[in-house]
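> Predicted model and sequence follow; I will ask about them next.
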Amino acid sequence: MRSVINRNVIIAALLIGTFGWAGAANAEVHFRSLSFSEARAAAAKEHKVVMIDFYTTWCGWCKVLDRNTYTDDNVTKITDAKFVCVKIDAEKGEGIDLAKQYSITGYPTILFFDEGGKEIDRVVGYEDASRFARSLETAAAGGSKAAVSEISGPHPTTDPAKWLIAANYFLQKNDRTSALAAFRKVIELDPENKQGQKEEAIFGVGFLSSGDEQVTTLEHAIEEFPTEVDADQANMLLIKHDFQTQHPEDAARRIDRWALKHPNDGPSFNFFAWAAAENGAVLDKADEYGQRAISLAPSPVEKASAMDTRAEVLYKMGKSSEASQLEASAIAMLDPVKDKKLYTELTEQKSKFDKALAAGSTAGTTNH
């Protein structure tokens, strides 16, 4: 099922139509039950930074952030010491106006404010524990603008860590040109990755490049840093490129190679299956990975989403009856109120399959 996937708005835009998981949250970061104004008052009293996590109930990567990042001991230690942390639903209560006020368009988005209530930094999209810990330290030190000032002027810093912070700052501001230049500078300053900055930078260059350069850079990045947090998203982007350039067999080989090293990566399998269905190609392979994604889904909501993907594959294979039955099973796993957005989307999908059955037609598509 479709949802935005990525750590920032730029990459998410590249992967529109990709799919993420939604799962149960079990955060260890100590979020307080405070309004925005109460959080600012608490931060002023305690001399801490305000951290506001803007989320939605349907945001899969918000829940991955809860599950993987907020449970990290180091992240918890930093937030306890330096932050007043609050979660705000961007679609309820004051969250609606705050999301508009601060131009929040993707989720999760984490905003940081100083004691006076001034925004000093933000993180858009999912970050793993290591990267988020660095973002926390940057925010606690006054925000990314300090790093930007150090790379500017007649005598810019030669610290690749500062350039990396600046690159991500430019990325958040949608300044692709400056971000790309800063990522390239990181690689220039740390070509052997002695300071551990190159791995994120090379993926940044790949995501912001285009054409053959993007493909070559991302393939090299995945080969050199296969466990980097951006590797799965880079692989998805390459799969999408394969389909867009009418090379579905290359996409199939790419997911096979990925599965050998990442046999439990349900989101990537789900993504491949949906992309294949959208393009009406390599549908037998799509069905195989759709089934694997279902078996790996860690929660009912995620399983329902993966079942929806496989149902679309079956529909494109001309099996509308099986698609409708599978979609009905997926819908039955959801709460119509709690999971309203996904429930509505799956219901619409089932209606599409049922109409095809009623018309005595199918959505048969020739496999490539």
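Sure thing, it's come through. From a predicted model like this one, the values you see are computed outputs, not experimental measurements.
> mind listing what the closest residue in space to F225 that isn't next to it in sequence touches?
Using CB to CB, 6 or more residues apart in numbering and skipping the chain neighbours, the partner closest in space to F225 is E199 (4.3 Å). The way it works is simple: take the backbone N, C-alpha and C, and place the C-beta from them, glycine included. Each residue near E199 by CB atoms under 8 Å, 6 or more residues apart in numbering is listed here: 193, 221, 224-225, 228.
> domain parsing for this structure?
1-141, 144-245, 262-368 (automatic domain parsing).
> Rebuild these as a markdown table, extending it with mean pLDDT and distance to D256.
Below are the domains of the chain laid out as a markdown table (pLDDT from 0 to 100; distance: least, CB to CB, whole Å):
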| stretch | mean pLDDT | distance to D256 |
| --- | --- | --- |
| domain 1-141 | 84 | 19 |
| domain 144-245 | 93 | 11 |
| domain 262-368 | 92 | 8 |
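> in the stretch 201-350 of the chain, which spans are helices?
Secondary structure of the stretch 201-350 of the chain (DSSP state H, counting those that start in this stretch): helices at 211-224, 231-244, 248-261, 266-279, 283-296, 300-316, 320-332, 340-358.
> could I get the ones you listed as a markdown table with mean neighbour count and distance to T157?
Below are the helices of the stretch 201-350 of the chain laid out as a markdown table (neighbours: other CB atoms under 10 Å; distance: least, CB to CB, whole Å):
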| stretch | mean neighbour count | distance to T157 |
| --- | --- | --- |
| helix 211-224 | 16 | 24 |
| helix 231-244 | 21 | 28 |
| helix 248-261 | 17 | 36 |
| helix 266-279 | 26 | 37 |
| helix 283-296 | 22 | 44 |
| helix 300-316 | 26 | 43 |
| helix 320-332 | 20 | 52 |
| helix 340-358 | 16 | 45 |
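> Turn those helices into TSV, including distance to I151.
Listed next are the helices of the stretch 201-350 of the chain as TSV, based on distance: least, CB to CB, whole Å:
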stretch	distance to I151
helix 211-224	22
helix 231-244	25
helix 248-261	35
helix 266-279	34
helix 283-296	42
helix 300-316	41
helix 320-332	49
helix 340-358	41
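> closest to W58 out of these?
helix 340-358 (4.1 Å; CB to CB).
> Off-centre distance for the closest one?
Chain-centre distance of helix 340-358: 26 Å, with CA atoms, centre = their mean, to the nearest Å.
> helices or strands next to it in the packing?
With contacts defined as 3 or more CB pairs under 8 Å, 6 or more residues apart in numbering; DSSP states H and E, the packing partners of helix 340-358 are helix 300-316, helix 320-332.
> Adding distance to G95, write those helices out as a markdown table.
Shown next, in a markdown table, are those (distance: least, CB to CB, whole Å):
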| stretch | distance to G95 |
| --- | --- |
| helix 300-316 | 21 |
| helix 320-332 | 28 |
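> wait, which of the ones you listed is closest to A281?
It's helix 300-316; of the helices and strands packed on helix 340-358, that one is closest to A281 (CB to CB) at 9.1 Å.
> okay, that closest one in PDB with CA atoms only?
The C-alpha coordinates for helix 300-316 follow below in PDB (Å, rounded to 0.1, in the frame of the first residue of the first chain):
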ATOM      1  CA  PRO A 300      -2.000  -6.400  11.600                       C
ATOM      2  CA  VAL A 301      -1.900  -2.900   9.900                       C
ATOM      3  CA  GLU A 302       1.300  -3.700   8.100                       C
ATOM      4  CA  LYS A 303       0.000  -7.100   7.100                       C
ATOM      5  CA  ALA A 304      -3.200  -5.600   5.700                       C
ATOM      6  CA  SER A 305      -1.100  -3.100   3.700                       C
ATOM      7  CA  ALA A 306       1.100  -5.800   2.300                       C
ATOM      8  CA  MET A 307      -2.000  -7.900   1.500                       C
ATOM      9  CA  ASP A 308      -3.400  -4.900  -0.400                       C
ATOM     10  CA  THR A 309      -0.200  -4.800  -2.500                       C
ATOM     11  CA  ARG A 310      -0.500  -8.500  -3.400                       C
ATOM     12  CA  ALA A 311      -4.200  -8.100  -4.200                       C
ATOM     13  CA  GLU A 312      -3.200  -5.400  -6.700                       C
ATOM     14  CA  VAL A 313      -0.700  -7.800  -8.200                       C
ATOM     15  CA  LEU A 314      -3.400 -10.500  -8.500                       C
ATOM     16  CA  TYR A 315      -5.700  -8.000 -10.100                       C
ATOM     17  CA  LYS A 316      -3.100  -7.100 -12.700                       C
END
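> roughly how far out does that helix sit from the chain middle?
The answer for helix 300-316 is 19 Å, by CA atoms, centre = their mean.
> So K87 versus K341, what's the distance?
18 Å (CB to CB, to the nearest Å).
> Kindly report the same for V186.
Taking CB to CB, one finds V186 at 38 Å from K341.
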